[in-house]
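Enquirer: I need the structure of the sequence given here:
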Amino acid sequence: MPLLLLASSSARRRALIASIGLPFEVARPDVDESPLPAELPDAYVLRLCHAKAMALPPERLMPSTYVLTADTTVVLDGVIIGKPETPEEARRMLRALRARAHQVYTGVALRDFATGEVQTSLTVTNVYMRNYSDEEIETYIARGEPFDKAGGYAVQDSRFKPVERIEGCLSNVIGLPLCAVSAMLRAKGVSVPQPPDCSPHNLPCTIDVRVADAQRN
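Expert: Residues are numbered from 1 along each chain as shown. Model prediction:
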């Protein structure tokens, strides 16, 4: 099959791709992830995943290469919440999210190096947080867990267990919607193993596959 190059430094994304048996290599794009002024969440993640897909130099790629990139953000009351850099930021985020619903947006881009085409998709999942205590927040921060995660939490954390329930794609909340990735690769004729059911309540995932554009090399 064509070489799949995962342009991401996320260990969670690497594990998700590996879980469906796709062979891949990893590269790390250098892209400024700061939101633009008044940028909406969907525009933000789609802009970044596209930028990451185009950031790798041509010498890293072969004609048969597909570059897969993603960007995930947490959105509360329409406001983008990034990754906390300090314990105080993590504390503030986790308290704001507590016992409330928010959304997780992930933009995915698939770049076909042979044709220059870049296809993007947007996946949105509703997440309902449980009413965890301040003591639980402090323990989680003391473990150093929040600092590389959008919103400061991991849905799959077996000790903190911050999430009460989700509506939509679970792998999207972890960092890569396998349903969207599989659909995009299949549309390019790549044989992809069927991913596990990404919706724990058998609800349809909210996926918006955008019209592909051509970026000639």
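Enquirer: next one: phi and psi at the residue of the chain most remote from its centre?
Expert: Residue farthest from the centre of the chain, counting by C-alpha atoms, centre = their mean, is E135 at 28.5 Å. The phi/psi pair for E135 (degrees, to the nearest 10) reads phi -60, psi -40.
Enquirer: So which residues of this protein form helices?
Expert: Taking DSSP state H to define them, one finds helices in the chain at 11-19, 41-55, 87-97, 134-142, 170-174, 178-187.
Enquirer: and among those, the most buried is which?
Expert: helix 170-174 (a mean of 26; mean count of other C-beta atoms under 10 Å). Glycine gets a C-beta too; all of them are placed from N, C-alpha and C.
Enquirer: average pLDDT for that one?
Expert: On average, the pLDDT along helix 170-174 is 92.
Enquirer: Convert it to PDB, retaining C-alpha atoms only.
Expert: The C-alpha coordinates for helix 170-174 follow below in PDB (Å, rounded to 0.1, in the frame of the first residue of the first chain):
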ATOM      1  CA  LEU A 170     -14.800   8.400  21.100                       C
ATOM      2  CA  SER A 171     -11.500   8.300  19.100                       C
ATOM      3  CA  ASN A 172     -12.100  11.900  18.100                       C
ATOM      4  CA  VAL A 173     -12.000  12.900  21.800                       C
ATOM      5  CA  ILE A 174      -8.800  10.900  22.200                       C
END
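Enquirer: by contact count, what packs against it?
Expert: helix 11-19, strand 101-112, strand 117-129, helix 178-187 (3 or more C-beta pairs under 8 Å, 6 or more residues apart in numbering; DSSP states H and E).
Enquirer: again, only this time at 7 Å
Expert: helix 11-19, strand 101-112, strand 117-129 (3 or more C-beta pairs under 7 Å, 6 or more residues apart in numbering; DSSP states H and E).
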